[in-house]
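Chemist: Task: produce atomic coordinates for the following.
(2 chains)
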Amino acid sequence: MSVPQSILNKIPKSGRRKIKVRRNYQYAGYLYILPWLIGLLIFQLYPFISSLYYSFTDYNMVSAPKWVGLDNYHKIFTEDPDFYQSLKVTGIYVLLAVPVKLAFALFVAMLLSAKLRAINFFRTVYYLPSILGGSVAISVLWRFLFMKEGVVNSLLARVHLGPVDWLGSPDIALYTLGLLTVWQFGSSMVLFLAGIQQIPNDLYEAGSIDGASRFSMFFRITVPMLTPIVLFNLVMQMVNAFQEFTGAFVITHGGPMKSTYLYALKLYEEAFTFFKMGYASALSWILFLIIMAVTAVIFKSSGGWVHYEDGGK
Amino acid sequence: MRELQHDSKNSWLNYIFLIVLGLVMVYPLIWLFTSSFKTNADIFGSSRLLPTTYVWDAYKLGWQGTGQYGFEDFFINTLKLVIPTVIFTIVSSVLVAYGFARFNFPLKTLLFSVMIATLMLPNASVMIPRYILFNKLGWLDTYLPFIIPAAFATSAFFIYLMIQFIRGLPRDLDEAATIDGCNSFTVLTRVLLPLCKPAIFSVGIFQFMWTWNDFFNSIIYISSVSKFTISLGLRLSLDASSAVSWNQVLAMSVVSIVPCVLLFFFCQKYFVEGISTTGLKG
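Modeler: Numbers count the residues shown, from 1 in each chain, chains lettered A, B, ... in the order given. Modelled structure (predicted):
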């Protein structure tokens, strides 16, 4: 927190200098953050930088890394059709799953913000699928639910629909996996819920005095007040969605016809099945740059749609 | 009066909506549980939730496993991995959060920004060199790649959560304790730590569940079946039992999520409230 200029101006010049001098650093702070600092260097910064180095090498973990310059990148862009396929399905996946998930999370958060009896019970129930998250058990479950003879088709048959080949059809499988992600909207929902509860009630009272409908209050008050949380959720969920792995790996193995061959799957196979560490590092750097670019676009645009109560700080 | 009627009608609608949607949400989980008592024929091609014929031995047989190692081993392995990871995560993130929340030192703002930035650093961009590093250190096929990074507070999310919580505690407490003769470490252990209980619970529960359910790191770091975690064991049984006894696979899926579900239900008040109080302010 900085001291506002108006207050600073009231302090005599000599006094002002005293404030600056009396900063009084407490070096013990370093001692406490030391574990993080070491962890940052060894487990984050060093790997991050060395992955750039590896991306210019040919390295199979047996013989020493061999410098190949831009070869890996060249191969990725010109000789690897799987790269474009994985990029395409990941793009579709991110573009669909993330907005639908956030919209759903906001919708449920609105429902759960009502002052009702047993509301905590409902919150728990709605959060439950999310805590089980990317577990293999849930992937197993999804496979059973959506296989051709699975429950979902049996339920559809009752109303004389289907059967739909949820996981076997290249046109649909990706959406079936997307549905699994949407089902786990809990963590975004909890943040929305916390945000809704912090919106001052007088805004709604003022709104209802002005005769605003619930609908317009939602779009004029609730949504603008929640935009900082939308921004946070959007970025975090986007970063996660780009790296989605377990579902595609356990449920569909990337198939049918590579229709669910998400980028993380491609990365996993190159690195840990074929041990082409240099090539995989190049792939990971391309993913990193894509994620950074998308994040930058989101942040750049956020000035236009994110509303801060105190006018931004 | 009119307002009241309006509200009660609305809350009825809310209830109905919440119940219907809630059923849709948990239906898959209920199905998972009931189907672990079904026969194969019942699992496929039937939309009935309850079994037509009950099979009771899926849990017993599934637990034994098919090969040399059963789920008892996978469970014990998972605990050996998860418990140290959780403890180290809590200790390290409390210490680091205390440093950031209560001390003023050169470059603090910069370091804090770096910490927040790592929140968004994709795991994909560090996982390959980390793997190579752990290979050089001889840590592959051990649980050290999970435990040691936890001891060094590599999860920015937990540090941030703790910082937000500690910032919410009045500084007067620290000052009073200092006057009473506490040094900065005893201020932390005797004064702040007891107050941080809700946040510590949140960190612990989250880390427990994430590590418990983690599949990606398990599959890249653990290779011998004797060290398999639940996730790996489950996938092993999924691949092994080709069309034989699916109820056993489902039963073991249930068993593997039970600890998380129980923990969640017992600690749910920390979950929702812990997050909304530490929240997203700032």
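Chemist: contacting residues for residue 234?
Modeler: Using chain A. A:98, A:102, A:298 (CB atoms under 8 Å, 6 or more residues apart in numbering or on different chains). In short, each C-beta sits where N, CA and C put it, glycine included.
Chemist: let's do chain B instead
Modeler: A:136-137, A:140, B:74, B:249, B:252-253, B:256.
Chemist: So which bits of the stretch 51-200 of chain B are right by chain A?
Modeler: Applying CB under 8 Å from any CB of the partner chain, we find that the stretch 51-200 of chain B lies next to chain A at B:92, B:95-96, B:98-100, B:102-106, B:108, B:111, B:114-115, B:118-133, B:135, B:149, B:151-154, B:159, B:184.
Chemist: Please tell me which one of the contacts of residue A:234 counts the most neighbours.
Modeler: Using other CB atoms under 10 Å in any protein chain shown as the neighbour test, the contacts of residue A:234 are led by residue A:98, with 24 neighbours.
Chemist: other SSEs contacting the one helix or strand residue B:112 maps to?
Modeler: Under the criterion of DSSP states H and E, residue B:112 resides in helix B:108-119. With contacts taken as 3 or more CB pairs under 8 Å, 6 or more residues apart in numbering or on different chains; DSSP states H and E, helix B:108-119 sits against helix A:28-39, helix B:71-102, helix B:156-167.
Chemist: Enumerate the positions of it that are buried.
Modeler: B:108, B:111, B:114-115, B:118 (16 or more other CB atoms under 10 Å in any protein chain shown).
Chemist: And stretch B:119-131, by the same measure?
Modeler: For stretch B:119-131, by 16+ other CB under 10 Å, it's B:121-122, B:124-131.
Chemist: among these, which are in helices?
Modeler: Counting by DSSP state H, the part of the buried residues of stretch B:119-131 found in helices is B:124-131.
Chemist: who are the neighbours in contact with the one residue in the stretch 201-313 of chain A that gets nearest to chain B?
Modeler: Closest to chain B within the stretch 201-313 of chain A is residue A:288: 4.3 Å, counting by CB to the nearest CB. With CB under 8 Å, 6+ apart as the criterion, the residues that contact residue A:288 are B:122, B:124-125.
Chemist: and it, what pLDDT?
Modeler: We have a pLDDT of 95 for residue A:288.
Chemist: Look up how far residue B:260 lies from it.
Modeler: Counting by CB to CB, to the nearest Å, the gap from residue A:288 to residue B:260 is 31 Å.
Chemist: again with residue A:255
Modeler: 29 Å.
Chemist: For those two, indicate the residue with more neighbours.
Modeler: Between residue A:255 and residue B:260, counting by other CB under 10 Å, residue B:260 is the more crowded of the two (21 against 15).
Chemist: Quick check: chain neighbours aside, which residue is closest to the more buried one?
Modeler: Distance criterion CB to CB, 6 or more residues apart in numbering or on different chains; nearest residue to residue B:260, sequence neighbours excluded, is residue B:209 at 5.0 Å.
Chemist: before we move on, which element is that neighbour in?
Modeler: Secondary structure assignment for residue B:209, by DSSP H and E: helix B:197-213.
Chemist: Would you mark the buried spots in that helix?
Modeler: Across helix B:197-213, burial judged by 16+ other CB under 10 Å covers B:198-213.
Chemist: got the CA coordinates for that helix in CSV?
Modeler: C-alpha atoms of helix B:197-213 as CSV (Å, rounded to 0.1, in the frame of the first residue of the first chain):
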residue,chain,number,x,y,z
LYS,B,197,-5.8,-23.5,11.7
PRO,B,198,-8.6,-23.0,9.1
ALA,B,199,-6.1,-22.0,6.4
ILE,B,200,-3.7,-24.8,7.4
PHE,B,201,-6.7,-27.2,7.1
SER,B,202,-7.5,-25.9,3.6
VAL,B,203,-3.9,-26.3,2.4
GLY,B,204,-3.6,-29.8,3.9
ILE,B,205,-6.9,-31.0,2.5
PHE,B,206,-6.3,-29.6,-0.9
GLN,B,207,-2.8,-31.0,-1.1
PHE,B,208,-4.0,-34.4,0.2
MET,B,209,-6.6,-34.7,-2.5
TRP,B,210,-4.5,-33.4,-5.3
THR,B,211,-1.6,-35.7,-4.4
TRP,B,212,-4.0,-38.6,-3.7
ASN,B,213,-5.6,-38.3,-7.1
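Chemist: any idea how far residue B:44 is from residue A:159?
Modeler: Residue B:44 is 19 Å from residue A:159, by CB to CB.
Chemist: who's more crowded, those two?
Modeler: Neighbours per residue, other CB under 10 Å: of residue B:44 and residue A:159, the larger number sits with residue B:44, 17 against 7.
Chemist: Just give the number of residues close to the closest residue to that one other than its chain neighbours.
Modeler: Of all residues not flanking residue B:44 in the chain, residue A:149 sits nearest, at 4.0 Å (CB to CB, 6+ apart). Residues near residue A:149, counting by other CB under 10 Å, number 12.
Chemist: got it, and the one 5 residues further on?
Modeler: Burial of residue A:154, expressed as a neighbour count using other CB under 10 Å, amounts to 17.
Chemist: Please name the nearest non-neighbouring residue to it.
Modeler: Once flanking residues are discounted, residue A:154 sits nearest to residue B:47: 3.4 Å by CB to CB, 6+ apart.
Chemist: How about residue A:155?
Modeler: Nearest to residue A:155 is residue B:47, by CB to CB, 6+ apart, at 4.7 Å.
Chemist: Let's verify that neighbour: helix, strand, or coil?
Modeler: At residue B:47, secondary structure determined by DSSP: H, G, I helix; E, B strand; the rest coil is coil.
Chemist: That one reaches residue A:157, doesn't it?
Modeler: Yes. Using CB atoms under 8 Å, residue B:47 is in contact with residue A:157, at 7.3 Å.
Chemist: List the residues that contact the closest residue to residue A:50 other than its chain neighbours.
Modeler: For residue A:50, ignoring the flanking residues on the chain, the nearest one in space by CB to CB, 6+ apart is residue B:129 at 4.4 Å. Contacts for residue B:129 (CB under 8 Å, 6+ apart) come out as A:46-48, A:50-51, A:54, A:281.
Chemist: out of these, which are buried?
Modeler: Buried members of these, scored by 16+ other CB under 10 Å, are A:47-48, A:50-51, A:54, A:281.
Chemist: Show me what the helix or strand harbouring residue A:94 is packed against.
Modeler: Taking DSSP H and E as the criterion, the element that holds residue A:94 is helix A:81-112. Secondary-structure packing of helix A:81-112 (3+ CB pairs under 8 Å, 6+ apart): helix A:119-132, helix A:173-183, helix A:186-197, helix A:223-242, helix A:263-268, helix B:2-35.
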